[in-house]
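S.K.: How does the following fold in three dimensions:
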Amino acid sequence: MSDLYSYRAGVFSPNATQDLSGFEVEATDGSIGKIDEATYETSSSYVVVDTGFWIFGKKRLIPAGVVERVDDTEEKVYVRMTKDQIKDAPDYDPDRFRLDRSNYNREVADYYSQWS
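M.R.: Modelled structure (predicted):
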């Protein structure tokens, strides 16, 4: 599971910014929203994507291992999933994440592991 919560080598360009907040997120078939929050902790990194009206204002926690690449110039993050795969992902539940992070991360990882 820890690999799923780590950015893969080469995702960031050498001079890239580490703050992804506000970057657009692109699935393999189009835009899915903007990053609301991003973390860079070893073996527990993720991005929280605000999908806006696309999924009725829902947010998704996407483990860093699903990130394909970051384009610092265009301020876009590319993930290896389709829009429907992200739509079908578990909802981001900040309260549960805060209170039961280990189990929550495991459940999220079970879903996303097929695309890491």
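S.K.: doesn't Q114 fall inside a helix?
M.R.: Yes: under DSSP: H, G, I helix; E, B strand; the rest coil, Q114 falls within a helix.
S.K.: E26 reaches K76, doesn't it?
M.R.: Yes: here E26 lies in contact with K76, judged by CB atoms under 8 Å, at a distance of 5.5 Å. C-betas here are computed from N, CA, C, even on glycine.
S.K.: For the protein, give me the ranges with low pLDDT.
M.R.: The model of the chain has pLDDT under 70 over residues 1-2, 14-17, 54-55, 116.
S.K.: helix/strand/coil for I86?
M.R.: helix.
S.K.: Could I get the contacting residues of it?
M.R.: A27, I32, V49, T51, I55, R60, I62, V79 (CB atoms under 8 Å, 6 or more residues apart in numbering).
S.K.: any idea which helix or strand carries the third one?
M.R.: Counting by DSSP states H and E, the secondary-structure element that holds V49 is strand 46-50.
S.K.: other SSEs contacting that strand?
M.R.: Counting contacts by 3 or more CB pairs under 8 Å, 6 or more residues apart in numbering; DSSP states H and E, strand 46-50 packs against strand 30-38, strand 59-63.
S.K.: What strands line up against the first one, and which way round?
M.R.: Here the strand partners of strand 30-38, with direction, are listed using DSSP bridges: strand 24-27 (antiparallel), strand 46-50 (antiparallel).
S.K.: Pull out the CA atoms of the shortest one and give them to me as PDB.
M.R.: Just to be clear, that refers to strand 24-27. The C-alpha trace of strand 24-27 is given here as PDB (Å, rounded to 0.1, in the frame of the first residue of the first chain):
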ATOM      1  CA  GLU A  24      -6.200  21.200 -12.900                       C
ATOM      2  CA  VAL A  25      -6.500  17.400 -12.900                       C
ATOM      3  CA  GLU A  26      -6.700  15.500 -16.200                       C
ATOM      4  CA  ALA A  27      -8.000  12.000 -16.400                       C
END
